[in-house]
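> Sequence plus predicted model, see below.
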Amino acid sequence: MILIDIGNTNIVFAVSSNKILKNIIRIESNQNNNQLNISIKKIIKKLIKIKKLDSPNRAIISSVVPSLNKSIIKILKINKINELFLKSKNILPFLKIDYNLNEIGADRIANSIAIINNNINNSIVIDFGTATTFEVIKESIFSGGLIFPGINLSKNALINKTSLLRNTDVVKTNNIVAKNTKDAIRSGFYWGYVFAINGIIKKITNEKKFKPKIILTGGLANIFKNDIRPKPIIKPNLTLEGLQIIGLQYYVKK
């Protein structure tokens with residue numbers, strides 16, 4: 001079984017082989033169409049050759065970029081692979097959702113399935129992607145959440161709109177007060193997001209009146225793990241884990 005997570009920044013591929021997540025491959029979503037199609041074709045051909053695939057003729061897909069779906073479907077069809085796009089209405093028998101079903105992202109559904117499958121009934125899942133999303137799971141029900149601009153998206157917007165600032169990686173700084181522009185940008189984004197995230201966690205727990213586990217996923221999760229409170233659990237491949245669970249438990253048997 002091939003697993004595909006189509007995001008605004010990256011497309012992530014993996015396979016489920018003997019019920020183990022393997023061969024995780026990440027490519028950028030914003031390549032030109034020809035280059036992207038070439039990359040996807042190569043990856044699919046590589047993945048279908050892996051031995052002992054669970055349900056080898058099936059792909060489970062999470063997508064938040066509809067414009068990329070047709071190209072991937074075409075490539076899968078050429079390789080005789082049946083695709084299933086994760087949608088809220090398909091997953092309702094397995095996940096209770098208290099949210100507009102026409103608007104909930106497939107990645108957020110997969111994340112929630114993965115967490116509940118790990119017997120975590122109360123949680124806040126924070127996904128550091130193009131957007132930073134909070135998914136609130138209370139008593140195993142997706143209870144809603146919030147979305148605000150992702151860290152790199154915000155940083156790139158700042159750099160592009162200012163003449164004297166230069167791009168730099170987001171890393172933890174020991175001091176919040178910086179002595180140069182590079183460290184000032186790093187400090188602003190690191191500590192700004194730390195305090196924003198911790199403040200939102202506190203607000204959610206008070207509003208929902210529960211004590212959740214904090215789950216961090218996405219590319220920047222590891223950078224922030226030491227300053228998020230309560231101490232978080234890091235799940236870098238949470239969406240893929242969710243897709244695998246959905247495929248193995250709910251669809252492969254059909």
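It's in. Quick caveat: nothing in here was measured; it's all calculated off a predicted structure.
> Can you check the pLDDT for N30?
Predicted confidence (pLDDT) for N30: 88.
> Let me know the secondary structure of it.
Recorded secondary structure, N30: coil (DSSP: H, G, I helix; E, B strand; the rest coil).
> Measure how buried it is and give me the count.
When counting by other Cβ atoms under 10 Å, one arrives at 9 neighbours for N30. Every residue, glycine included, has its C-beta placed from N, CA and C.
> OK, contacts around it?
For N30, the contacting residues are T9, by Cβ atoms under 8 Å, 6 or more residues apart in numbering.
> for the one 4 residues further on, same thing?
Listed by Cβ under 8 Å, 6+ apart, N34 has no contact partners.
> quick one, what contacts F94?
I113, I246, Q249, Y250.
> among these, which ones are buried?
The neighbour count (16 or more other Cβ atoms under 10 Å) marks I113, I246, Y250 as buried among the contacts of F94.
> Reformat these as a markdown table; add secondary structure.
Shown next, in a markdown table, are these (three-state DSSP):
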| residue | secondary structure |
| --- | --- |
| I113 | helix |
| I246 | helix |
| Y250 | helix |
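> Quickly name whichever of the residues you listed is closest to I4.
I246 (12.5 Å; Cβ to Cβ).
> That closest one is in contact with A110, isn't it?
Yes: between I246 and A110 there is a contact at 6.7 Å, judged by Cβ atoms under 8 Å.
> list the residues that contact both of the two?
L86.
> quick revisit: and the contacts of F94, which is closest to T181?
I113 (43.3 Å).
> which one is I185 nearest to, not counting chain neighbours?
Take I185 and drop its neighbours on the chain: the residue closest to it by Cβ to Cβ, 6 or more residues apart in numbering is T168, 5.5 Å away.
> ditto for L158
With sequence-adjacent residues excluded and distances taken as Cβ to Cβ, 6+ apart, L158 is closest to L165, at 6.6 Å.
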